[in-house]
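> I'd like to go over a predicted model; first the sequence, then the structure.
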Amino acid sequence: MHRTRGSRAADVCSQAPFLQRGTTARPVIMALFPAFAGVREVADSGTSRKELDWLSNPSFCVGIITPSSQQPEEVPGLVSEEPPLTRSTLKSDPSDENDTHKKLKHTSRKKKKEKKKKRKHQHHKKTKRRRGQSSSSTSEPDTDAERNWSPRSISKKESEKPKYKRKGDSCLGINPKKQCISWEGAPTEKKHSHKHVERYFTKKNVGLMSVDGVAISSHTQPPSSEPVMFIPVTDSHDVAPVITWLNPLGIYDRSTTQWLQGQGPSEQEPKPADSQQDRENAILKARVEEFNRKVRENPWDTQLWMEFVAFQDEVLRRPGLYSLEDGEPEKQKRSLKLVLEKKLAILERAITSNQSSVDLKLARLKVCAELWEPATLAREWQKLIFLHPNNTGLWQKYLLFCQSQFSTFSVSKIHNLYGKCLSTLSSVKDGSILSHPVLPGTEEDMFALFLQQCHFLRQAGHSEKAVSLFQAMVDFTFFKPDSVKDLPTKGQVEFFEPFWDSGEPRAGEKGARGWRAWMHQQEQGGWVVVSPDEDDNEPEEDDQEIRDKTLPRCQIWLGAERSRDRRHWRPWRPDKAKKQTEEDCEDPERQVLFDDIGQSLIRLCSRELQFQLVGAFLQFLGVPCAFSPPASCRYLVMDENSIFDSGLVDENPLTCLAPPFSGVSCVGHMEQLGCPRGTRGHGREGEEFIRNVFQLLLPLFSGQEKTRLCCSWLQHEAAKVIGCLNTKNKKKLKSQGKNCKKLARNLLKEPENCSSVCLWKQYAHLEWLLGNTEDARKVFDTALSMAGASELKDGELCELGLLYAELEVEVLWDLSGAATSRAVHVLTSLTEATPYRPYTGQVLAVHILKARKAYEHALQGCLDESWGSGPAPSSSSNRLISVVKCFMLFQYLTTGIDGAVRVYQQVFAKLKGSVCPEGSGLEDSGSPGSVAHALEAVTLMHTGLLRFHMKVSIYPLAPLREALSEALKLYPGNQLLWRSYVQIQNKSHSASKTRRFFDAVTRSTKSLEPWLFAIETEKMRKRLVEAVQRAEGGDIHATLPESGLSNRIKALFEHAVRTDGGAQCPLLWRMYLSFLDSSGIVARPLAGKCGGQPKEQAITHVSSHIRNNVFSGPEVVIEDVCFPNGHS
């Protein structure tokens, strides 16, 4: 069983093939780079190169291994301890293999027994190991490398043999179709986590779009004509590599080359540049430090504090600075609450230094709206109002806040809150509250709050109270007795209460004489009883909507409510002739007591505000006038879609009667969206009410104010004629036209109006609309002859001649000779010093040249006057508008459209520089007499000429589109310009330019008109697509479902309602509800949550959102949503 020493030596030699017989064994050096393994022998011979000296570095040697044959004192020990195993060949004896196997098996069993004994005596084992550490160093190999290379390492402990793990459940060599193996134990399959692949539009990948790209190559080389075998791609921060024998291809960078040479980067080498994110973080931190330094140095700068608060939103949008964790800034979700708390801390620190700043306190409340409970927020608002009762802007925001609280909202509560606001401001204005002074512009703001209250009541369905407020304000302002004028507002209101409760006729009612006359009669002992007319007993004609009983019940109910709304918008009062009492009223809400209006009465001392009150009352009744609501409540009163109605603008682009501001429905006419306006009047009683208002107010004014009221009355009658023309009701048109002409003649017979150019112009235009062209020409000729020679100095006379010429051009544009000759004759006569003479024949060329010179001279004089240092008067601005319009039309008729465009460009370049600095826009056109208003009027004339020219001849669309785009950037709130722009863009099949323009305008302005017209444009495109896809049966047939336009419209609505003006605009919410009702695109998700009918649930969801922003009563929500398609 035991072998001899010679056999064991032979085995050792056989296991060391690197030893040769007859040679002296030496240590073997393992090289780190095998390619340079033979370099050492060459170096010993002295023929090495200097470039390879680095190979002699000892750090590149793994270790020196000494063969076992060179250890004479170690080999015997190994042999005596354990006989080595010989390497068996493939053709070995089977008996030897069995003996060897048995020996190994016996050895393994013996070792297992020894391990059990060692576990029982662990403390002896530890002691034994400590004592044997010194001797084991000489008897065992030193390193793992030596153990691996030594042949005796094969026979070490069996416990150290590797354990293999099974991979998979199959076995090599079996047929998987017929055979299988069942393994014991846990399965080896791992559950692979399927990571969701993120698309390009996710938040993480979209954020990468804002990161600046890194240049790949910073060196530009001229292209080579010879083919290049290798093109290296280098980074902008890397240095071009040097081609050496170690880097022959030049593909290693500097750090790799240093590693191959056994070197490291030097300490003086500059660090690589920071990443793009690090640079952005550094910039943001620098700005934060700058803000902290500025607010520390200037703590009283409120604007700086507001900029610091707004900067927090910018920090939130950028990644990296306030990340919750390090490493993945794009994946971090910023805490909105953390940012809000930071804003709140900044604002509280700012308020500490600026106790009287209302803007900072308002900003604080706006931030707290996201953090506090509604009750807590309401208490803070009340505290702020108590500290600043004289701030009208703060009152308006407080009223809007109370209107947006769904849990505490009620019409009566908000109505009383308006009364408290106006009465408090009146006390401040009168000086009753000594602790707070009157701020500038308080009277104008109080008037705006009064109008806001009236329209709120109308939209909430309380039209009677709104009309009563206007009636009371008319008596309280224009018919105040002289004995109470010196009293404060509260004392005047106390004297006004007996008149209101006396039951006497009020403004708009038959026999109304005013508060002053009633007070004077009471002082003399009584009041004259007015006998009722016989016509008062005539029954009101029934409406057609409630006669059709075949309609669904809900539509019948809605028709009845609309009929009552049209007839019952005036407050109910008991008729003494019929012996009625207050108990006879069927609806108590129609009765208006003095307690409902007493607190809202205010004093208007300004003559301009008094006239605006009359204009607001007439507009409230539906009379067309030039009054526009104040900017503070502009979008609060918009509730109908008449801003999209073109009317006669498309047919007559030069002489359209479109008002400058529309979208406000008159009392009693809250129609469904899409219903054309002006098809129906107020009925007999309503028209009589309007006529009584005019008869009561006209004697109170004189001069231009009285003329404007007469023109408004005549325009109201002409609007009914236009309505008859649209409906093609010839019978009603004849009677209505007769009444209009009778009214015009009666107005012109008055001594103050007989020489009014404005009334003559309205009368002539009315004749033209009725189709009496020859009679209209006679009226025009008469008016021009009466005015005499003006030589372009009278603006009203120029407007009269301009309308005459425009009507001639529009009606006979196809007859080029007669039409243009008559229009040129009118425009030429305006420049002559002789009185006007009717048209007799062709205009001479000499007269045309003289007229052109006169127009050029007058235009230059007007521009020089408006360019002066001081503000231009209203008369000069109106004259400038008239002269420019006449000159543009004159150039168009004589030289063509290019001549008119040149005139406009000259005026535009001159006026824009005077009213608009470089790089700024004109958000508002200003007052009617301002230069900005003149520029807007000239722009409207320019676009009207271009549209008319495109209608009558072939002309490219680009000039008109560019003119409208340039004008809308300056006047984003002009509805007439938006109508023209939408009309021409609707003809284009490419919507990309239109959408980009709308996006640019909405980002640069706070006006709501761009959002409204952008939505209307997309809706028109959607209707066009559906019309193309719709078959004869009425159903929509399409290969692919159309959802892009619907989703885009919904996105526009969502963005619009988040703006300051859109959140409080009833018109926008009505459009949103109507769109959801017609499309039902949010039906599925809401139906799953709420149950029930999907469309009704979607509408209910959005209606609750409306109640959280603006409350406009059932007039807004019910009529547009629940019933148009038969829903209950």
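Ah, there it is. In this text the structure is predicted, and so the values were computed from the model without any measurement.

> and stretch 405-422, which residues are buried?
Neighbour-count burial for stretch 405-422, counted by 16 or more other C-beta atoms under 10 Å, picks out Gln405, Val411, Ile414, His415, Leu417, Tyr418, Gly419, Cys421, Leu422. For the C-beta atoms, the positions are set from N, CA and C on the backbone; glycine is no exception.

> what does that stretch rub up against?
Taking contacts as C-beta atoms under 8 Å, 6 or more residues apart in numbering, the residues outside stretch 405-422 that touch it are 374, 378, 395, 398-399, 402-403, 446, 449-450, 452-453, 456-457, 460, 462, 465, 596, 598-602, 1104, 1107-1108, 1111, 1113.

> Just the C-alphas of it, formatted as PDB.
Extracted C-alpha coordinates of stretch 405-422, given in PDB (Å, rounded to 0.1, in the frame of the first residue of the first chain):
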ATOM      1  CA  GLN A 405     -67.200  79.200  -1.200                       C
ATOM      2  CA  PHE A 406     -69.600  76.400  -2.000                       C
ATOM      3  CA  SER A 407     -70.400  75.500   1.600                       C
ATOM      4  CA  THR A 408     -71.400  79.000   2.700                       C
ATOM      5  CA  PHE A 409     -72.800  80.500  -0.600                       C
ATOM      6  CA  SER A 410     -76.300  81.800  -0.900                       C
ATOM      7  CA  VAL A 411     -77.600  84.600  -3.100                       C
ATOM      8  CA  SER A 412     -79.100  86.500  -0.300                       C
ATOM      9  CA  LYS A 413     -75.800  86.400   1.700                       C
ATOM     10  CA  ILE A 414     -73.700  87.700  -1.200                       C
ATOM     11  CA  HIS A 415     -76.300  90.300  -2.000                       C
ATOM     12  CA  ASN A 416     -76.200  91.600   1.600                       C
ATOM     13  CA  LEU A 417     -72.400  91.500   1.500                       C
ATOM     14  CA  TYR A 418     -72.400  93.800  -1.600                       C
ATOM     15  CA  GLY A 419     -74.600  96.200   0.300                       C
ATOM     16  CA  LYS A 420     -72.300  96.200   3.300                       C
ATOM     17  CA  CYS A 421     -69.300  96.800   1.000                       C
ATOM     18  CA  LEU A 422     -70.900  99.800  -0.700                       C
END
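
> begin at 56 from here
OK, 56 is where the count begins now, so the last one is stretch 460-477.

> any idea of the mean pLDDT in it?
Taken as a whole, stretch 460-477 has an average pLDDT of 91.

> just stretch 395-410 next, same as before
On average, stretch 395-410 scores 90.

> and Phe1003, which of the three is it?
helix (DSSP: H, G, I helix; E, B strand; the rest coil).

> Next up, the contacts around it.
Pro708, Leu709, Val864, Glu865, Trp868.

> Let's have these in JSON lines, adding neighbour count and pLDDT.
Supplementary listing: the contacts of Phe1003 in JSON lines, determined by neighbours: other C-beta atoms under 10 Å; pLDDT from 0 to 100:
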{"residue": "Pro708", "neighbour count": "22", "pLDDT": "81"}
{"residue": "Leu709", "neighbour count": "20", "pLDDT": "82"}
{"residue": "Val864", "neighbour count": "22", "pLDDT": "89"}
{"residue": "Glu865", "neighbour count": "19", "pLDDT": "85"}
{"residue": "Trp868", "neighbour count": "16", "pLDDT": "63"}
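
> Relative to Leu1019, which of those residues is nearest.
When the contacts of Phe1003 are ranked by distance to Leu1019 (C-beta to C-beta), Pro708 comes first, at 12.7 Å.

> now the closest one: how far from Asn445?
49 Å (C-beta to C-beta, to the nearest Å).

> Strands along this protein, start to end?
83-86, 116-120 (DSSP state E).

> Next one, pLDDT for Asp148 please.
As predicted, Asp148 sits at a pLDDT of 45.

> follow-up on the earlier one: which of the contacts of stretch 460-477 are buried, as a ChimeraX select command?
To isolate the buried ones among the contacts of stretch 460-477 in ChimeraX, judged by 16+ other C-beta under 10 Å, type:
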select :433,450,453,454,457,458,501,504,505,507,508,511,512,515,517,520,651,653,654,655,656,657,1162,1166,1168
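
> ok, and what's touching stretch 625-634?
If you take C-beta under 8 Å, 6+ apart as the criterion, stretch 625-634 is touched by 519-520, 522-523, 558, 563, 587, 591, 635-637, 639-640, 642, 645-647, 740-741, 744.

> wouldn't Val776 be in contact with Ser790 here?
No. Val776 is beyond contact range of Ser790, at 10.4 Å (criterion: C-beta atoms under 8 Å).

> Between those two, which is the more surrounded one?
Between Val776 and Ser790, counted using other C-beta atoms under 10 Å, Val776 has the larger neighbour count: 19 against 11.

> Give me the pLDDT for that one.
86.

> list the contacts for it?
Per C-beta under 8 Å, 6+ apart, neighbours of Val776: Leu788, Gln791, Gly792, Cys795, Leu821, Leu824, Leu825.

> distance of it from Arg746?
16 Å.

> How many residues are close by Leu417?
Neighbourhood size, Leu417 [other C-beta under 10 Å]: 18.

> so it sits right up against Lys452, yeah?
Yes. In this structure, Leu417 is within contact of Lys452 by C-beta under 8 Å, at 6.5 Å.

> Could you list the low-pLDDT ranges of the stretch 706-855 of the chain?
For the stretch 706-855 of the chain, the stretches with pLDDT under 70 are 712-715, 725-726, 729-736.

> all helices of it, in order?
738-752, 759-782, 785-804, 812-824, 828-842, 850-866 (DSSP state H, counting those that start in this stretch).

> which one of those helices lies closest to Arg1078?
Short answer: helix 759-782, nearest of the helices of the stretch 706-855 of the chain by C-beta to C-beta, at 20.8 Å.

> ok, and for that closest one, which residues are buried?
Neighbour-count burial for helix 759-782, counted by 16+ other C-beta under 10 Å, picks out 760-780.

> Spatially nearest residue to Leu798 (excluding sequence neighbours)?
Of all residues not flanking Leu798 in the chain, Glu772 sits nearest, at 5.7 Å (C-beta to C-beta, 6 or more residues apart in numbering).

> Next, the contact list for the one you found, please.
Gln791, Asn794, Cys795, Leu798, Leu821.

> what's around the last one, how many residues?
Residues near Leu821, counting by other C-beta under 10 Å, number 23.

> do the same with the third one
For Cys795, the neighbour count with other C-beta under 10 Å is 23.

> Just the terminal-to-terminal distance for stretch 747-767.
Criterion C-alpha to C-alpha, to the nearest Å; first-to-last residue distance in stretch 747-767 is 14 Å.

> Give me the buried entries from the contacts of stretch 625-634.
By neighbour count, with 16+ other C-beta under 10 Å, these hold Glu519, Lys520, Val522, Ser523, Gly563, Arg645, Gln646, Val647, Gly741, Phe744 as buried.

> export the residues you listed to JSON lines and tack on distance to Leu1000?
Converted to JSON lines, those look like this (distance: C-beta to C-beta, whole Å):
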{"residue": "Glu519", "distance to Leu1000": "47"}
{"residue": "Lys520", "distance to Leu1000": "47"}
{"residue": "Val522", "distance to Leu1000": "42"}
{"residue": "Ser523", "distance to Leu1000": "47"}
{"residue": "Gly563", "distance to Leu1000": "42"}
{"residue": "Arg645", "distance to Leu1000": "51"}
{"residue": "Gln646", "distance to Leu1000": "55"}
{"residue": "Val647", "distance to Leu1000": "50"}
{"residue": "Gly741", "distance to Leu1000": "39"}
{"residue": "Phe744", "distance to Leu1000": "41"}
